[in-house]
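Chemist: sequence plus the predicted model coming up.
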Amino acid sequence: MVDVSGAWGNPGVAPIAAVAPTTVNAILECPQRVAFQRDPQTKDLSRPSTRTALGQVSHRITELVLKGYAPAPETRKAWLQEQWESAIADQAAALAKAWPGRPVPPPDRWPGYVATRTRLLRRLAIYTVASSPGAVVTSAKGSGQPQLPWVERKLIDDGLGLFGTPDLVEERRGVLRVVDLKSGVHQHEIQVGQRRQLLLYAHLVTNALDRAVGEVAVIDVRGQETVLPVTEEEIAQAVSAATVARKKFNESVALGEIPAQPSKDSCRFCPFKVVCAAYRDARQDDWGVVVLSGTVTDVPMPHIATITAGETSARLVLTGGVVLKVGDQVAVTGLEAAGIDTFRLRWDARIRIV
């Protein structure tokens, strides 16, 4: 195939002064992906998806309930349905704006839509702030700190260059705890990255309140809670890993050689495959996702293009909002098989045109 994925070379980014837990996880998984995400030339490849849109809707409605805006449980069902429809409409509009000209599917066709809506609204219909986090007055470090629970409150440790916004900080049975609310329908046990993120949030909470966090928890969209006790040593180890990760990333930025760590799992949802030479070189057949690259040699109809590389050609059925012309060198991902040597672009396909 024609090499267009290396056309940008190493991403050009500045050192990172402070990191959030999600960025720490991303650096540890693949530093080059973080660099592509921060590079002005490539960052637009990272756009919202129907999956992230559902996550935003779930967080928005859950936050309203946690902050006490929901009516009493006996009259809450209709209110939740209204909030859901409003939040979905906002996210659908955001997707349309992020993908101009593309045929964004209607919300009821988003993968996981029905399961997420059913499970989330059922859980929130019976949730009450008083019976779960409680209204606990806690002595805070310094002044100006509100009482618990904290919902979506940004916390900063300037000394360590660490910041984050945990979903919920509460006290239960005298134990200070950090809670992460997950909207994915496939959430089960706490993953390694989720645990690290919670430990870093725990550090930020301890730094703000001068009190040790005793446990962290993940609540999935069904309301099932997974709880892990944590120690100060575990939190310190996570903070050390975050500090080292940021340091190594900044050193690679200074050298102009930001490493990639391609793998089946880390590359699965990465939006930068069309510009990543490391992915192209490392990809195995069982990774599933294909990047088609080559030169446009024929456009027999506005929605059909032939991509040629060497002795090989493939036909590409274009989606709305995508226009190719003869001579374009392209790299494309987001494909569905549509016949022999024929692929159809999904509505959210990523395209790199040289």
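Modeler: Yep, that arrived.
Chemist: state the distance from Asp108 to Gly294.
Modeler: With the distance defined as C-beta to C-beta, to the nearest Å, Asp108 ends up 37 Å from Gly294. The way it works is simple: take the backbone N, C-alpha and C, and place the C-beta from them, glycine included.
Chemist: check Leu204 too.
Modeler: Using C-beta to C-beta, Leu204 is found at 48 Å from Gly294.
Chemist: so between those two, which is more surrounded?
Modeler: Legend: neighbour count by other C-beta atoms under 10 Å for Leu204 and Gly294, higher for Leu204 (27 against 22).
Chemist: just checking, Thr306 touches Leu292?
Modeler: No: the pair Thr306 and Leu292 fails to qualify as a contact (C-beta atoms under 8 Å) at a distance of 11.3 Å.
Chemist: name the helix or strand for the residue positioned nearest the centre of the chain, please.
Modeler: Geometric centre of the chain, nearest residue: Thr52, 6.5 Å, by C-alpha atoms, centre = their mean. Assigned by DSSP states H and E, Thr52 belongs to helix 50-66.
Chemist: now do that helix: which elements does it pack against?
Modeler: Packed against helix 50-66 by the contact rule (3 or more C-beta pairs under 8 Å, 6 or more residues apart in numbering; DSSP states H and E) you find helix 76-98, helix 113-125, strand 175-181.
Chemist: list the buried residues in stretch 256-269.
Modeler: 258, 260, 262, 266-267 (16 or more other C-beta atoms under 10 Å).
Chemist: for Glu215, state which of those residues is nearest.
Modeler: Minimum distance to Glu215 across the buried residues of stretch 256-269 is 29.0 Å, recorded for Ser266 (C-beta to C-beta).
Chemist: okay, that closest one and Pro107: tell me how far apart.
Modeler: Distance from Ser266 to Pro107, by C-beta to C-beta: 29 Å.
Chemist: quick one: the strands in this protein?
Modeler: Remark: strands assigned in the chain by DSSP state E are 150-151, 155-157, 162-164, 168-172, 175-181, 215-219, 225-229, 291-301, 304-309, 312-317, 329-337, 342-353.
Chemist: the second one pairs with which strands?
Modeler: Applying DSSP bridges to the sheet, strand 155-157 is found paired with strand 162-164 (antiparallel).
Chemist: and the partner strand, how far from the chain's centre?
Modeler: Offset of strand 162-164 from its chain centre (C-alpha atoms, centre = their mean, to the nearest Å): 17 Å.
Chemist: same thing with stretch 293-311?
Modeler: Remark: stretch 293-311 is offset 33 Å from the chain centroid, using C-alpha atoms, centre = their mean.
Chemist: pretty sure Ala338 is touching Arg346, no?
Modeler: No: counting by C-beta under 8 Å, Ala338 does not reach Arg346; the two are 11.0 Å apart.
Chemist: roughly how far apart are Gly12 and Asn25?
Modeler: According to C-beta to C-beta, Gly12 and Asn25 sit 23 Å apart.
Chemist: what does Arg123 give?
Modeler: For Arg123, the distance to Asn25 equals 26 Å [C-beta to C-beta].
Chemist: next one: Thr297
Modeler: For Thr297 relative to Asn25 (C-beta to C-beta), the value is 42 Å.
Chemist: could you do Gly55 as well?
Modeler: Distance from Gly55 to Asn25, counting by C-beta to C-beta: 16 Å.
Chemist: got a list of what Gln91 touches?
Modeler: Counting by C-beta atoms under 8 Å, 6 or more residues apart in numbering, Gln91 touches 48, 53-54, 56-57, 107.
Chemist: ok, Ala349 next?
Modeler: 319, 322, 332-335.
Chemist: could the residues you listed go into a markdown table alongside pLDDT?
Modeler: Formatted as a markdown table, those follow (pLDDT from 0 to 100):
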| residue | pLDDT |
| --- | --- |
| Thr319 | 94 |
| Val322 | 93 |
| Val332 | 91 |
| Thr333 | 89 |
| Gly334 | 89 |
| Leu335 | 89 |
